[in-house]
Structure formats: C-alpha cells, structure tokens
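Visitor: Build me a model from this:
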Amino acid sequence: MRFHKLARIAPLLLAAVLLTCSARAYAVRVSGQSAQPCTASAADQPQVLGTIDAMFSAAQIDDLTKFHNLADPDFYAYDNGRRFDGDALMNLVRDQHAKGYIYVWTVNDPAVHIDCNTAWVTYVNRGSITDPSGKTTPMQWLESLILRKESGNWRILFLHSTRVPQPPPQK
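Guide: Numbers count the residues shown, from 1 in each chain. Sure, this is the predicted structure:
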C-alpha cells in the first residue's frame, strides 16, 4: 500500500525539483550572471576598502588605466546631481585638475557589508577642494559604493556621492 502512495507522489516530487532547478538556471541566464559560489572571507573587507582607496588614488593622479582596472566596464556614478559613466567622471576630474583645482578625498567611518561576491559600502568622505587661487575649502560628501568580486578581485560597479552642505557663515 505504501509503495502505491510513493509511486503516485514521486513524479510530483521529481517535477517540483526539476522546475526549481530550471527556474534557477533561467534566472541566471536572464540576468547574465554565472552561478558563482559564495567566496566571502575575512580578508574581503580590507580588500574592498583597498579598492576604494585605489580608486581615489587613480582619480588624484588622473590614471584612467588604473581606474579601468578597478571599475567594472558598466560602472557609473551619481555625483553633483548627474549620472556619469566611468570615463566621463574621470575626465571631469582631469579637466578640473588642468584648471588648477586640487581635490583631497578620505574615506572615514566606513560601513562594509559583504554578501558572497557583492559588497555595499557607505562612508563619509572628508576632504577639501583647493581652487586655482590657492583657497582651500573643507568639504564632506556622503558616499556609497557597490562592488562585485570577480576572479578574486573587487571591482566597483556604482558610486553615489552627495555633497554635505557647507554651514552658514558665522556672523
């Protein structure tokens, strides 16, 4: 008697397993992602922060090649109220440098969240902008980044930067 019940539900169980596997394979195929195993480890947090520091270093010296090694080909940023792809953002900084502007950026109080091969980081960027006349203005930005781990390296997918308004002048 038990065999007959098992024989009746076995095809249903098999169909459920096959549908689940097919749906996962379809979702991976549609999203364009490969099914990668989770590779997060304790070493990832310093690597993520190192990638961010390296991005700012590349921007400070106008090193587009170094930036390309750190950023995903589909990288984009929201900054200064606009959307920029990676080259446009780096070219904007390069053009400002050519006009005599000097930027200082530092990552402070980072909150790093890592889930398998994806990292989300928020931080306060404390720095300054020195204009061509030599006047330096302290600045702060609230920023967040999304990174993806590919072949053991963290690559930046997205940057969002919001400038913190300057306090009103003291009277």
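
Visitor: In this structure, mark out all the strands, start to finish.
Guide: 71-79, 82-85, 102-104, 107-115, 118-130, 136-150, 153-163 (DSSP state E).

Visitor: Assess the claim that Arg163 and Pro138 are in contact.
Guide: No - judged on C-beta atoms under 8 Å, Arg163 makes no contact with Pro138 at a distance of 11.9 Å. Using the backbone N, CA and C atoms, a C-beta is placed for each residue, glycine as well.

Visitor: Nearest spatial neighbour of Arg83, chain-adjacent residues omitted?
Guide: Tyr76 (6.0 Å; C-beta to C-beta, 6 or more residues apart in numbering).

Visitor: what pairs with the one you found across the strands?
Guide: Asp85, Phe158 (DSSP bridges).

Visitor: How many residues are close by it?
Guide: 17 (other C-beta atoms under 10 Å).

Visitor: picking up where we left off before, what about the strands of the chain, which gets the closest to Gly50?
Guide: Gly50 lies closest, by C-beta to C-beta, to one member of the strands of the chain: strand 153-163, at 8.1 Å.

Visitor: so what's the closest residue in space to Ala54 that isn't next to it in sequence up against?
Guide: Spatial nearest neighbour of Ala54, chain neighbours left out: Leu70 (5.6 Å); criterion: C-beta to C-beta, 6+ apart. Residues in contact with Leu70 (C-beta atoms under 8 Å, 6 or more residues apart in numbering) are 51, 54-55, 58, 155-156.

Visitor: circling back to that earlier point, of Arg163 and Pro138, which one has the most company?
Guide: Using other C-beta under 10 Å as the criterion, Arg163 and Pro138 rank with Arg163 on top: 14 against 10.
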